[in-house]
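*Asks:* With the sequence up front, the predicted model follows.
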Amino acid sequence: MIQFQVTDPHFFWSLSRASGMLAYLILCASVILGLRVRTRTLGKVGASWGAFDLHQLASLAGLGALALHVLSLLGDKWFAFGPRELLVPFASPYRPVPTALGVIALYLVVAVLASSYLRKRISRGAWHAIHMLSFVAFGLALFHGLNAGTESAEPWARALYWLTGTMVGVLFLARLFDPAPRAKKPKPVELRGVEPLTS
């Protein structure tokens, strides 16, 4: 029987830090790909095929990295996180506000991803409203990373956060002022002597 023993007391903390940064970067990529699909200007840059599929794939990968980020903290003995501290906003004594916003961001990511799979069962307006929460989730994740991350004081980390935050902000403004046109419904076929075909 193979036994896995962790000798480094900071292993799970380091794993959580690495997976948290990975989750943030994947979330950033997912948001950018989503903006790529729905912005007219970005639609002219590069091939548009596969952008939506990559957007969904990045969302799933980001959720997986988020799960690893949270679950790895259960093995950390330094702060002794439990399910309550990890899943209930403001329950953690470690940097309560940025940690709580990170928890809320997690729930928003789950809601947005779930809405994608329930798209055919909910109205377009409801789906769009839920999907717009992805920008809120990104903003909360950015704040969480800047203020709760152990390496957030490092120049490279702050530069990375500000660079990605600026990119998403600029692309979001482009999405507001230059949205891609919605696909038009096909016009009913009209034949002489025949009523127009409507659904």
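*Replies:* Ah, there it is.
*Asks:* Give me the distance from the lengthiest helix in the chain to the chain's centre.
*Replies:* If you go by DSSP state H, the chain has its longest helix at helix 11-38. How far helix 11-38 lies from its chain's middle: 7 Å, per Cα atoms, centre = their mean, to the nearest Å.
*Asks:* Stretch 157-177 now?
*Replies:* With Cα atoms, centre = their mean as the basis, stretch 157-177 stands 14 Å off its chain's centre.
*Asks:* now do stretch 60-74
*Replies:* Here stretch 60-74 is found 12 Å from its chain centre; the criterion is Cα atoms, centre = their mean.
*Asks:* which of the residues in that stretch are buried?
*Replies:* Applying a neighbour-count criterion of 16 or more other Cβ atoms under 10 Å, the buried positions in stretch 60-74 are 61-63, 65-66, 68-70, 72-73. Every C-beta, even on glycine, is put in place using the N, C-alpha and C of the backbone.
*Asks:* and what of stretch 94-101?
*Replies:* Within stretch 94-101, the residues that qualify as buried by neighbour count (16+ other Cβ under 10 Å) are 98-101.
*Asks:* from the residues you listed, which is closest to residue 30?
*Replies:* Comparing the buried residues of stretch 94-101 against residue 30 with Cβ to Cβ places residue 101 closest, at 18.6 Å.
*Asks:* In contact with the closest one: list those residues for me.
*Replies:* Each residue near residue 101 by Cβ atoms under 8 Å, 6 or more residues apart in numbering is listed here: 89, 140, 143-144.
*Asks:* Can I have the buried ones of the residues you listed as a ChimeraX selection?
*Replies:* Only the buried members of those end up in this ChimeraX selection, burial being decided by 16+ other Cβ under 10 Å:
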select :140,143,144
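*Asks:* so what's the most centrally placed residue in the chain up against?
*Replies:* Nearest residue to the geometric centre of the chain (Cα atoms, centre = their mean): residue 27, 3.7 Å. Residue 27 sits next to 58, 62, 109, 137-138, 141 when contact means Cβ under 8 Å, 6+ apart.
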